[in-house]
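Undergrad: Here you go, sequence then predicted model.
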Amino acid sequence: MLKDIFKKIDQERELSKEDIVCLLALKDEQELARLYDRADTVRQKYVGDEVHLRGLIEFSNYCRKNCNYCGIRRGNRKLQRYRMSAEEILATVAVAERLGYKTVVLQSGEDMYYTVGKLVDIIRRIKQEADVAITLSIGERSREEYERLHEAGADRFLIRFETSNRELYSRLHPDSDYDERMQILVWLKEIGYQVGSGVMIGLPGQTLEDLAMDILKFKELDLDMVGVGPYICHEETPLAGNANGTVEMTFKVIALTRIVTRDAHIPATTALATLRPTDGREKALELGANVVMPNVTPAKYRALYELYPAKVCIGEEAEQCQACMHGRIYSLGRPISQGYGHSFKRAHLLPQYG
Ligand code: SAH
Ligand code: SF4
């Protein structure tokens, strides 16, 4: 049985839900090593050795939503809130550019203070002043707003669907709708964004079947980027007291996401590094991942962007993160990309970006 599944992988045939569940259930170290080795081979064949760096700017921790797992949900009254001004954001983009990052990711809670007009202005100014690709991760907006942000110059958009299990989705999201979330992913692609999505691993009540369906969904949506990380319990949420996701399950999902999607960009996430600071990201890069998102948020705001507790690197300035990440990546013998790191699925876009 297992032998047949590995054969399917080697022959690049599609895996069924049952195959994926079987691999997610692996415990044997040798079998796991085999799985990770296959994922690394697929990674090398389809996306090469280069590691792409994206400078992450967490520009506001205000949020109108109340997702049950998230530490910056509006119901968390203990959190001190902050917003970065357009000038602060531009100064941070300049730091990211100086550190060699060719992409900046602007992430925030769903903060309507940043009207589409304000965001358009920020995006235009970034494009005038810096030579970087722009990724937005600002949550749900109307189709028209996404269109205007794209016209202003936003290249990519990240919005996770969090889980493909509708029932689990609705239990976790008192104020979001599964179908609307999925609709947004379709719109973003139609508008022309490079689209990233993903899920959390180890959500309370999540099963291996759910994770297998998540992985098949990544493929079905033909995502340009897939970010998966462990769920980490935050005590100031309704899910207080639940167990965290595990590093091992996260590794398995990353490896299978690589094998199933082949050429999607896959980041080694901060949540993973938080649960395994010593070598979580390095290991992820050796079993399918090809992207890292070093934090460039000014140090004074970092601890306040607390999606989950004890995020790594909250005391560090951008320069320290850069030196640390470079060292970690070079220690693996992998080169750091000097390009924008656009989607491998949109090769036709490359000439236009030079
Ligand atoms: N507000 C935007 C972007 C910020 S949240 C949005 O929701 O899309 C970015 C991601 O952080 C979420 O998609 C979720 O997957 C992740 N996240 C939130 N709380 C988390 C937790 N407790 N543990 C792990 N990841 C979490
Ligand atoms: Fe807000 Fe995003 Fe957290 Fe949900 S996950 S509460 S939308 S920041």
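TA: Yes, it's here. In this text, all values refer to a predicted model and were calculated from it rather than measured experimentally. Ligands and ions are numbered 1, 2, ... in the order given.

Undergrad: nearest residue to the residue sitting nearest the centre point of the chain other than its sequence neighbours?
TA: Within the chain, the residue whose C-alpha comes closest to the C-alpha centroid is residue 227; the distance, by C-alpha atoms, centre = their mean, is 3.3 Å. The shortest distance from residue 227 to any residue other than its chain neighbours is 3.8 Å, reached at residue 198 (C-beta to C-beta, 6 or more residues apart in numbering). Any C-beta I mention is one placed from the backbone N, CA and C, and that applies to glycine too.

Undergrad: and what of residue 216?
TA: Nearest residue to residue 216 in three dimensions, chain neighbours excluded: residue 17, at 6.3 Å (C-beta to C-beta, 6+ apart).

Undergrad: Show me what counts as buried in the longest helix anywhere in the chain.
TA: Among the elements of the chain assigned as helix by DSSP state H, the one spanning the most residues is helix 29-47. Burial within helix 29-47, assessed by neighbour count using 16 or more other C-beta atoms under 10 Å, is assigned to 32, 34-36, 38-40, 42-43, 47.

Undergrad: Quick check: what element follows that helix along the chain?
TA: Going down the chain from helix 29-47, the next helix or strand is strand 52-53, by DSSP states H and E.

Undergrad: Contacts only, for residue 194.
TA: Residues near residue 194 by C-beta atoms under 8 Å, 6 or more residues apart in numbering: 155-157, 224-225, 342-343, 345-346, 349.

Undergrad: at 6 Å instead, please
TA: Going by C-beta atoms under 6 Å, 6 or more residues apart in numbering, residue 194 touches 156, 224, 343.

Undergrad: who's it bridged to?
TA: The bridge-partner assignment for residue 194, based on DSSP bridges, gives residue 156.

Undergrad: how near is it to ligand 2?
TA: In this structure, residue 194 and ligand 2 are 20 Å apart, going by C-beta to the nearest ligand atom, to the nearest Å.

Undergrad: and what of residue 144?
TA: Computed as C-beta to the nearest ligand atom, the residue 144 to ligand 2 distance reads 20 Å.

Undergrad: And ligand 1, is the strand or helix carrying that residue touching that?
TA: Using DSSP H and E, residue 144 falls within helix 143-152. No - using C-beta under 6 Å from any ligand atom, helix 143-152 never reaches ligand 1; the gap is at least 13.0 Å.

Undergrad: now stretch 106-115
TA: Yes - using C-beta under 6 Å from any ligand atom, stretch 106-115 comes into contact with ligand 1 via 107, 109-110.

Undergrad: I'd like to know which of these is nearest to residue 248.
TA: Within those, the smallest distance to residue 248 is 26.8 Å, found for residue 107 (C-beta to C-beta).

Undergrad: neighbours around that closest one, how many?
TA: Other residues near residue 107 come to 21 when the count uses other C-beta atoms under 10 Å.

Undergrad: quick one: average pLDDT of the host helix or strand of it?
TA: Secondary-structure element containing residue 107, defined by DSSP H and E: strand 103-108. With pLDDT averaged residue by residue, strand 103-108 scores 98.

Undergrad: Just the C-alphas of it, formatted as PDB.
TA: Extracted C-alpha coordinates of strand 103-108, given in PDB (Å, rounded to 0.1, in the frame of the first residue of the first chain):
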ATOM      1  CA  THR A 103       9.100  41.900  -1.900                       C
ATOM      2  CA  VAL A 104       7.300  43.600   1.000                       C
ATOM      3  CA  VAL A 105       4.200  42.000   2.600                       C
ATOM      4  CA  LEU A 106       1.900  44.500   4.100                       C
ATOM      5  CA  GLN A 107      -0.100  42.700   6.700                       C
ATOM      6  CA  SER A 108      -2.700  43.900   9.300                       C
END
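
Undergrad: contacting residues around that strand?
TA: For strand 103-108, contacts defined as C-beta under 6 Å, 6+ apart pick out 54-60, 93, 96, 132-133, 135-138, 341.

Undergrad: and if you look at stretch 219-234?
TA: Surrounding stretch 219-234, the residues in contact under the criterion C-beta under 6 Å, 6+ apart are 71, 185, 194-203, 218, 242, 244-245, 250, 253, 257, 260-261, 264-267, 269, 271-272, 275, 308-309, 343, 345.

Undergrad: Quick check: which ranges of the stretch 201-350 of the chain have low pLDDT?
TA: Scanning the stretch 201-350 of the chain with the threshold set as pLDDT under 70 gives 346-350.

Undergrad: 50 - rerun?
TA: In the predicted model, the stretch 201-350 of the chain carries no residue with pLDDT under 50.

Undergrad: In it, which residue sits closest to ligand 2?
TA: Checking the stretch 201-350 of the chain residue by residue against ligand 2 with C-beta to the nearest ligand atom singles out residue 307 as nearest, at 6.1 Å.

Undergrad: Against residue 236, how distant is that residue?
TA: 11 Å (C-beta to C-beta, to the nearest Å).

Undergrad: Please identify which of those two sits among more neighbours.
TA: When residue 307 and residue 236 are compared on other C-beta under 10 Å, the one with more neighbours turns out to be residue 307, at 22 against 16.
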